[in-house]
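Chemist: can't give you the sequence, but here's the structure:
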């Protein structure tokens, strides 16, 4: 069926299957429509009705697999989609969904094969090229990387390809290109989302009600960054803070602290429309999207306009490109005024850094160097960024540092699949003994944080910086060396250094990065002095002052709400 208004498609399909319950195609299309609206249960029911009509049909199996995936049953999703792909090996969409399911089921290399198969079937489709490019970055598989990146960037510039903006942040693209990418994604979503009716405007003297939407309210980078801020906000009584959690309670201490500091609403597994209505029911004045275009978010909810003022903050370091997002919350270093024209939102600049931090994190004593796989002596350079940030440029300059400091090692976070082996091969190709790369498996946060005590210097990546990881390193007393770029994602570590008064750790280019790291590697006294400066800054600088951060945050929030209550449009705020 081709409905005249695509926003009415789901209702028309429901009517169609009632009138013609034996219409296999209608059940498949209804399953798609339900899944697109975030209703996994309804999508599963429709797929199962289709399978009753045509057992083991690949199109129906694919929708059933998608419903499992949306419900978090990733292994079951991979099994179902594998069966569908075996029956329809020339179907690129099924191959793509299979890649997503295998990725989340922990089958990293098999996911890469599925993405590659999808791309080979439609090599001119930018979306498929982008998925392959993104997953190859995660696996540190740099084959065809430049060609794939060029293809995706050409499509974005030409406006003929909808690719995921979060993955696009890993490309060495300009802020204008990032805006074009985000706008294309937002326009595609806006064409199929019907907003809620406008909310009544609150009176100018009504109490302020703030909302925060995220899939990270628990033992997740978002929860780790924000929990102390929410605690400070509660102490200041700056307005009611409502957290709208897209994931269930993980039982973590972070989740319990968040629940104690805010009014937390568990909306996990709910359809998009129900989430939007739950936010509207709380009469939120300013709603902060703490996920943006990142995985696990619900941009569909924001597109429904559940709150009168909506803000892009923290988790997605770029412009939303979306007409339903009014402001982006930033600081003057991460998003200087020269970048503002490349943002669809009005920029609201906080007085300090844009990133909060948990100042209750304890940095315990780590296991011995030997227990961590480190040599007993020698300089330890660290980079615990995710593997997709470890691109050829970043890795090359790190290996140049190792080559310049005898006996040093590079401590990395272990990546998915064969990523570690590929990085060892890259070291060998640069003439560096692969044994000088030490990999750390993911650890509980407290154990991971303690390990920074063994690290002498954190070497950052480009064009996607360390963000939460940089905050962790600095809090644990490990200095961060970075080379700030020209986009938000490339300037976050620099922002943290800047707000600690450590601007000398923000260097101009790769040569300066390598020279600085080598100089520090050869000078133990300089490393000690740097750590002392960091320790003093941690105590005195505003970066880790959460009451001060909460005060500035609340002031900006009130001004956003006041403008709307006065009938004024969004405008830059300082």
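Modeler: The structure has been received and is ready for your questions. Computed from a predicted model, the values in this text were never measured in an experiment.

Chemist: Residues contacting the helix or strand in which residue 103 is found, please?
Modeler: Assigned by DSSP states H and E, residue 103 belongs to helix 92-104. For helix 92-104, the external contacting residues (CB atoms under 8 Å, 6 or more residues apart in numbering) are 58, 62, 65-66, 68-69, 74, 77-78, 81-82, 84-85, 88, 108, 110-112, 114-115, 117-119, 121-122, 125, 128, 131, 135. Bear in mind the C-beta positions are built from the backbone N, C-alpha and C, glycine included.

Chemist: Repeat that for stretch 32-46.
Modeler: The set of residues external to stretch 32-46 that reach it, using CB under 8 Å, 6+ apart, is 9-10, 13, 17, 27-28, 30-31, 63-64, 66-68, 70-71, 192, 269-273, 275, 298, 300.

Chemist: Please name the residues that touch the closest residue to residue 551 other than its chain neighbours.
Modeler: Spatial nearest neighbour of residue 551, excluding adjacent residues (CB to CB, 6 or more residues apart in numbering): residue 236 at 6.5 Å. Listed by CB under 8 Å, 6+ apart, the contact partners of residue 236 are 547, 550, 551, 554.

Chemist: surely residue 153 meets residue 171?
Modeler: Yes. Counting by CB atoms under 8 Å, residue 153 does reach residue 171; the two are 6.2 Å apart.

Chemist: Identify the contacts common to the two.
Modeler: Common neighbours of residue 153 and residue 171, counting by CB under 8 Å, 6+ apart, are residue 177.

Chemist: max-length helix in the protein?
Modeler: In the chain, assigned by DSSP state H, the helix with the most residues is helix 546-565.

Chemist: Who are the packing partners of that helix?
Modeler: helix 221-236, strand 286-289, strand 309-312, strand 327-330, strand 346-349 (3 or more CB pairs under 8 Å, 6 or more residues apart in numbering; DSSP states H and E).

Chemist: If we use 10 Å, what do you get?
Modeler: Here helix 546-565 is seen to pack against strand 209-214, helix 221-236, strand 286-289, strand 309-312, strand 327-330, strand 346-349 when contacts are counted using 3 or more CB pairs under 10 Å, 6 or more residues apart in numbering; DSSP states H and E.

Chemist: pLDDT of it, averaged?
Modeler: For helix 546-565, mean pLDDT rounds to 96.

Chemist: Name the residues of that helix that come out as buried.
Modeler: Buried residues in helix 546-565, counted by 16 or more other CB atoms under 10 Å: 546, 549-550, 552-554, 556-558, 560-561, 563-565.

Chemist: Please apply the same query to stretch 24-38.
Modeler: 24, 26-38.

Chemist: cool, stretch 160-178 as well?
Modeler: For stretch 160-178, using 16+ other CB under 10 Å, the buried residues are 161-173, 175, 177-178.

Chemist: One more: stretch 226-244?
Modeler: Applying 16+ other CB under 10 Å to stretch 226-244 flags 226-233, 238-244 as buried.

Chemist: I'd like the average pLDDT over it.
Modeler: For stretch 226-244, mean pLDDT is 92.

Chemist: what's the span of it from first residue to last?
Modeler: Using CA to CA, to the nearest Å, the end-to-end distance of stretch 226-244 comes to 14 Å.

Chemist: Ok, stretch 443-458 next?
Modeler: With CA to CA applied, stretch 443-458 spans 18 Å between its terminal residues.

Chemist: Where does the prediction get shaky in this structure?
Modeler: Scanning the chain for pLDDT under 70 picks out 1-7.

Chemist: Let's see that with 90 instead.
Modeler: For the chain, applying pLDDT under 90 flags the ranges 1-11, 36-37, 160-163, 191-192, 199-205, 236-240, 294-297.

Chemist: Just give me the residue right at the centre of it.
Modeler: Nearest residue to the geometric centre of the chain (CA atoms, centre = their mean): residue 294, 4.0 Å.

Chemist: what sits against that residue?
Modeler: 164, 165, 166, 167, 169, 214, 215, 216, 222, 315, 316, 317 (CB atoms under 10 Å, 6 or more residues apart in numbering).
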